[in-house]
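1. sharing a sequence plus its predicted fold:
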Amino acid sequence: MSSITPGKVRNIGIVAHIDGGKTTTTERFLYYAGKSHKLGEVHDGEAVMDFRADERERGITISDAATTMMWDDYRINLIDTPGHVDFTAEVERALRVLDGALVIFDSVEGVEPQSETVWHQADRYQVPRLAMANKMDRVGADFEMTVGSIRERLQAVPIPIQIPDGSAEDFKGIVDLVEMRYLTFDAGSLGRDYQVGPVPETMAEQAGSAREEMIEALADFHDPLAELFLDGKEIPKELLHEAIRTATLGHHAVPVLCAAALRNIGIQPVLDAICRYLPAPTEIAPVEGTTPDGSEVVVRKPLGKEPFCALLFKVTANEAADMFFLRVYSGKLESGTKVLNPRSGKVERLKRFLRMHADRGEKVDQLEPGDIVTVTGLKFAVTGDTLCDQDHPILLEPIRFPDSVVSIAIEPRTNAERERFGEIIEKFQREDPSLQCKVDGETGQTLLSGMGELHLEVVLARMEREFRLKVSHGKPRVTYRETVARAGSGEAVYERKVAGEELRARVRLDVKPLADPGAPVEVDSRLPEFVLSPQLLKGVLESMRNAGEGGGVYGYAVTGVQVTLAEAEYADAGQPEIALNSATSHAFREAVRQAGSVVLEPYGKLEVRVPEDYLGGVMKSLNQRRVMVADTGYLKNAVVIKGVAPIAEMFGYLTELRSASQGRGSFSFEPLDYRPVPDALTASQHQALYS
């Protein structure tokens, strides 16, 4: 594998809604590529990529899993990502370092909510994509509907380069529109063997029409193809492949393929398409960063002769030793070489490189551009850190993770475990930046916050299973915030005698709401320059930010507020910064009180799918949970209800939905934004929180 040139490398991720078939597809990739010798099935708990005990128990992917395989003369570095919304952070970090993605859609459901989320994540990182309509063997599978939902819900340009022959039990084979050939897959060899033949006469007209539409769509993005098409000339398959690649790498369109992974149909052509249409590491744009002090932009091209530069995108916590996942962007590096972490200023030695296959590693002696590997032994690095050449420092943009929205109170069951408890929590936070832990200033409780109930449930189970630490915990609760209803002012005076010197300061702050109530606090000053020295002014502005984080009238972090320093005066004795900072904190809380504090609660985007017979009961339940229904539509034999709901009201909803629909309903829910708590609930809510 070490002899593979960067141009023959593909760094890709597989992303989809939960139960879309990501891991099942990956297992077929590994089997057909000769990386594994049997098909591991998710439902049997034997999937190679779902190697963690909790993943096998639950039958879902919880953590990114990396593997490497050869297909023809290409090396594919692949990351299988979770599909559950609680683990969106895993998808975020994978897409941050990958060059391409395969997005899998359930051909019965079309674009589902988490499909939409991961699609927009890929948009943010400008990741070229292929789409695969999976589960064509299911009753109700509809390839055209799936393509249409990609166009309508994702505002993308899907271009089918295959069409299926039948669906459900009648799904027999696939027509390749580029080379106009018919593919069938041998069930006896578990799909390893497949036959290539001419397009059946029964499909000739449909295939010809579909091919014409494909060429017409591609002509918009490829001039040589457009000329031949307009002249009515025969278009060679090599030019079609080139046009598809141009449209894909240019983010103009998304090629769509079809398959039934569980029945081993259509997988090898997807591997071919990954190699043929997605980019090599040498074809991505040069990575940009800054000097460590942020004063200058620095660029690294994906070349071995450039200075070394890599991003640490994932940490896996183990009791024995943590594993650190790197994506190399430039330069070459021998094992044992020292590198710089520009965030911390620390120099560390990279001792051992492993190219991962799920939970097993293959030793690598040298890193090159495009490599995705793990290293061990780092002492000071965390997720999102840059590692680079000591003489050519560069700081890459860190990975941004969503804010946590659900919290539980936790504590070790014995005092003897308290120190170890803190160490283990630190390990988990190092691995997962979306996990937050802090002590509540009001109650003294330790609060663990994450992306959802399942996220926190998995963390607690891992603590007990992997680290043998049992903790007591309370019920989940959401994270509230505060903002202001209108403009207001607050003034405070600080007076105290310290070591015989009189400390005194007076500060007045003006506050007003921002358009986005969830936005970070903005601070500024309209004081004349002579009132405060630059150092004192910097300290006061920082105190204004800290006051917002410290909480408003009800003690929740303040957001969506602009704070302006309107007046300030102080006695020039002792340490005036202490007096100014203290007066600022009191003035901030008074200003929020005068401007009318508004408590905000987190809302999520909800989508419920349920058979029409159960619609009445489900709607009644949603109304009781303060769900605001925005749209109700129909998809096949199900009603699709879309809306927004307070996250606090959705705890335990899955059990209720299953009961109301005799187990036939499903729903997805993902964090959206913060909105005011209704006045009727505010008083009782606060009483319940602090009782």
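-> Yes, it's here.

2. after the strand ranked longest in the chain comes which helix or strand?
-> Longest strand of the chain, by residue count under DSSP state E: strand 597-611. Scanning forward in sequence from strand 597-611 by DSSP states H and E, the next helix or strand is helix 615-624.

3. neighbours around the residue lying closest to Glu453 once chain neighbours are set aside, how many?
-> Among residues not flanking Glu453 along the chain, Pro476 sits closest, at 5.5 Å (Cβ to Cβ, 6 or more residues apart in numbering). C-betas here are computed from N, CA, C, even on glycine. By other Cβ atoms under 10 Å, the residues close to Pro476 number 21.

4. show me the shaky parts of this structure.
-> Scanning the chain for pLDDT under 70 picks out the ranges 1-3, 40-64, 83-86, 318-321, 358-359, 440-444, 499-500, 636, 680-691.

5. for Leu271, give me phi and psi.
-> When quoted as degrees, to the nearest 10, the phi and psi of Leu271 stand at phi -60, psi -40.

6. ok, and the closest non-adjacent residue to it?
-> Closest residue in space to Leu271, ignoring its immediate chain neighbours: Trp71 at 4.8 Å, by Cβ to Cβ, 6+ apart.

7. quick one: the one you found from Asp272, how far?
-> Look at Trp71 and Asp272: by Cβ to Cβ, to the nearest Å, they are 8 Å apart.

8. also Ala461?
-> From Ala461 over to Asp272 (counting by Cβ to Cβ), the distance is 40 Å.

9. what do you get for Asp19?
-> 26 Å.

10. likewise Tyr74?
-> On the measure of Cβ to Cβ, Tyr74 and Asp272 end up 10 Å apart.

11. quick one, which of these two is more surrounded?
-> Tyr74 (19 against 15).

12. who's that one bridged to?
-> Trp71 (DSSP bridges).

13. which residues touch it?
-> Applying Cβ atoms under 8 Å, 6 or more residues apart in numbering to Tyr74 gives the contacts 4, 8-10, 275.

14. now those: which count as buried?
-> Buried members of the contacts of Tyr74, counted by 16 or more other Cβ atoms under 10 Å: 8-10, 275.

15. just put those residues in a markdown table and tack on secondary structure.
-> Output for the buried ones among the contacts of Tyr74, formatted as a markdown table (DSSP: H, G, I helix; E, B strand; the rest coil):
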| residue | secondary structure |
| --- | --- |
| Lys8 | helix |
| Val9 | strand |
| Arg10 | strand |
| Cys275 | helix |
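
16. what's the farthest-apart pair in those residues?
-> The distance between the two most remote of those (Cβ to Cβ) is 10.0 Å, for Val9 and Cys275.

17. find residues that contact each of these two.
-> In contact with both Val9 and Cys275: 74, 76, using Cβ under 8 Å, 6+ apart.

18. strands along the stretch 351-500 of the chain, start to end?
-> Applying DSSP state E, counting those that start in this stretch to the stretch 351-500 of the chain gives strands spanning 353-357, 360-364, 366-367, 372-376, 386-388, 395-396, 406-412, 436-439, 446-450, 471-473, 477-478, 481-484, 488-498.

19. out of those strands, the one nearest Phe105 is which?
-> Here strand 372-376 is closest among these (Cβ to Cβ), at 25.3 Å.

20. between strand 360-364 and the closest one, find me the angle.
-> For strand 372-376 against strand 360-364, the angle by axes from the mean of the first three to the mean of the last three Cα atoms, to 10 degrees is 90 degrees.

21. okay, the angle between the strand or helix carrying Ala89 and strand 446-450?
-> Ala89 belongs to helix 88-97 when assigned by DSSP H and E. With the same axes, to 10 degrees defining the directions, helix 88-97 sits at 60 degrees from strand 446-450.
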